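> Could you look at this predicted model? Sequence included:
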Amino acid sequence: MATVVEADLVLDAQAELGEGPVWDATASCLYFVDILRGHVHRFDPGTSALRTYHVHQFVSAVAIAERGDLVLAVRNGFARMDLATEDVRAIAGVESDRPDRRMNDGKCDALGRFWAGTMAPDERVRGAGSLYRLDPDGRVHTMLGGVSISNGLDWTGDGRAMYYVDSPTQTIDVFDVDPASGAIANRRVFVRIPVEQGTPDGLTLDADGHVWVALWHGGAVHRYAPDGTLDTIVRVPTMCPTSCAFGGSDLRDLYITTASITLSARRRAEQPMAGGLFRCRPGAQGRLPNRFAG
């Protein structure tokens, strides 16, 4: 039977669509985004201080670069943000001729390449998105097509497998990876999640290779062992958790972002913490996030 853990509110962020948590071990803070408002938040758990950076366009994912600035997945491509000035500079366009598309979740691999995919804001449009990879030299590669809502992804410690979510499939899939080239192949289902448990969204791997996935409209984060067994359930007191990431000095704090955008007025009243940032210590240890190498 799966262990059940409760997550507590650590920041009443009131996000419409909170997403993309990533821990900065150098500064001991957590970055996350509020996609549709175009906000990048920097939360310091030691002081509870929050700083908000205004991107002035959709921003769906953040990666910390080796030189200390941020690389962003923005509405139609990739950009960089100078944290001192908040200046945002475009790096590369992606589907710039498609105003009916936007970027979604993303993450860096071990070689410092930033992967992020696209989706239609009208989530009923299926198969129109893709998964892209931004290399440190600024080149963009299309890694996968026919995607509906490109979402969570992460790699095993040896870099030879990648877990990936295209949310409407209700599955977490896994690919074989050539670590040097980044090529992916041999897609297969790792876990199929029943609709009544929620829809898979953002994910992360822990130090033991277990997969943690946020369940949109499921009010929980699930941990799956490498053999696909569900062994931990983290309950979140709102229906729409979106992603999760480990942080803290020992990488044992699990941070969970959430959303409020789909809730009716009645549901918002019933879930006053929707859009908040949550945290628990579920007994596992995470890994340091990879940084963008460019």
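Great, that's in hand.
> What residues of stretch 134-146 count as buried?
134-136, 140, 143-144 (16 or more other Cβ atoms under 10 Å). Bear in mind the C-beta positions are built from the backbone N, C-alpha and C, glycine included.
> of all those, which two lie farthest apart?
The span of the buried residues of stretch 134-146, defined through Cβ to Cβ, is set by P136 and L144 at 20.3 Å.
> Chain neighbours aside, what residue packs nearest to V94?
G77 (4.2 Å; Cβ to Cβ, 6 or more residues apart in numbering).
> wait, what's in contact with the one you found?
Contacts here follow Cβ atoms under 8 Å, 6 or more residues apart in numbering; on that basis G77 touches 90-96, 103, 140.
> does A128 really touch S150, like I thought?
No - using Cβ atoms under 8 Å, A128 is not in contact with S150; the gap is 10.7 Å.
> any common contacting residues for these two?
M119.
> Between those two, tell me which one has more neighbours.
Each of A128 and S150 has its neighbours counted (other Cβ atoms under 10 Å); S150 has more, 26 against 17.
> Pretty sure that one sits in a strand.
Yes - counting by DSSP: H, G, I helix; E, B strand; the rest coil, S150 falls inside a strand.
> Name the helix or strand for the closest residue to it other than its chain neighbours, please.
Counting by Cβ to Cβ, 6+ apart, S150 lies nearest to G117, which is 2.3 Å off, once chain neighbours are set aside. Using DSSP states H and E, G117 sits within strand 114-119.
> Next SSE downstream of that strand?
Assigned by DSSP H and E, the successor of strand 114-119 is strand 129-134.
> quick one: buried residues of that following strand?
Buried residues in strand 129-134, counted by 16+ other Cβ under 10 Å: 129-134.
> just stretch 171-190 next, same as before
171-175, 177, 182, 184, 190.
> Would you format those residues as CSV with secondary structure and distance to P237 included?
As requested, those are exported to CSV (DSSP: H, G, I helix; E, B strand; the rest coil; distance: Cβ to Cβ, whole Å):
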residue, secondary structure, distance to P237
T171, strand, 26
I172, strand, 24
D173, strand, 29
V174, strand, 31
F175, strand, 34
V177, strand, 36
G182, coil, 39
I184, strand, 36
F190, strand, 28
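> Have a look at those residues and tell me the least confident one.
Least confident entry in those, by pLDDT: G182, with 95.
> what's the distance between that one and P136?
Look at G182 and P136: by Cβ to Cβ, to the nearest Å, they are 12 Å apart.
> ok, back up a step: which members of the buried residues of stretch 171-190 define the maximum pairwise distance?
Spanning the widest gap among the buried residues of stretch 171-190 are T171 and G182, at 22.0 Å by Cβ to Cβ.
> okay, now I256: neighbour count?
Count around I256 with other Cβ under 10 Å applied: 28.
> Off-centre distance for the lowest-mean-pLDDT helix or strand in the chain?
Within the chain, no helix or strand scores below helix 265-270, which has a mean of 83 by mean pLDDT, DSSP states H and E. Here helix 265-270 is found 25 Å from its chain centre; the criterion is Cα atoms, centre = their mean, to the nearest Å.
> What of stretch 89-96?
20 Å.
> Mind listing what's buried along that stretch?
Buried residues in stretch 89-96 (16+ other Cβ under 10 Å): 91, 94-95.
> Report the contact partners of the closest residue in space to A245 that isn't next to it in sequence.
In space, and not counting its chain neighbours, A245 is closest to P21: 4.0 Å by Cβ to Cβ, 6+ apart. Applying Cβ under 8 Å, 6+ apart to P21 gives the contacts 30-32, 202, 243-245, 247, 255-257, 277.
> what's the spacing between V94 and V234?
33 Å.
> residues contacting the closest residue to M239 other than its chain neighbours?
Using Cβ to Cβ, 6+ apart and skipping residues adjacent in sequence, the residue nearest M239 is G219, 4.9 Å away. Neighbouring residues of G219 by Cβ under 8 Å, 6+ apart: 198, 235-241.
> quick one: pLDDT of G219?
pLDDT at G219 comes out at 98.
> in the stretch 101-250 of the chain, which spans are strands?
With strands called from DSSP state E, counting those that start in this stretch, the stretch 101-250 of the chain shows them at 102-108, 114-119, 129-134, 140-147, 150-155, 161-166, 171-177, 184-192, 199-205, 211-216, 220-224, 230-235, 241-247.
> tell me the angle the last one makes with strand 150-155.
Using axes from the mean of the first three to the mean of the last three Cα atoms, to 10 degrees, the direction of strand 241-247 lies 20 degrees away from that of strand 150-155.
> Quick check: mean pLDDT of strand 241-247?
pLDDT averaged over strand 241-247 gives 98.
> Packing partners of it?
In terms of contacts (3 or more Cβ pairs under 8 Å, 6 or more residues apart in numbering; DSSP states H and E), strand 241-247 is packed against strand 18-24, strand 29-34, strand 199-205, strand 211-216, strand 220-224, strand 253-258.
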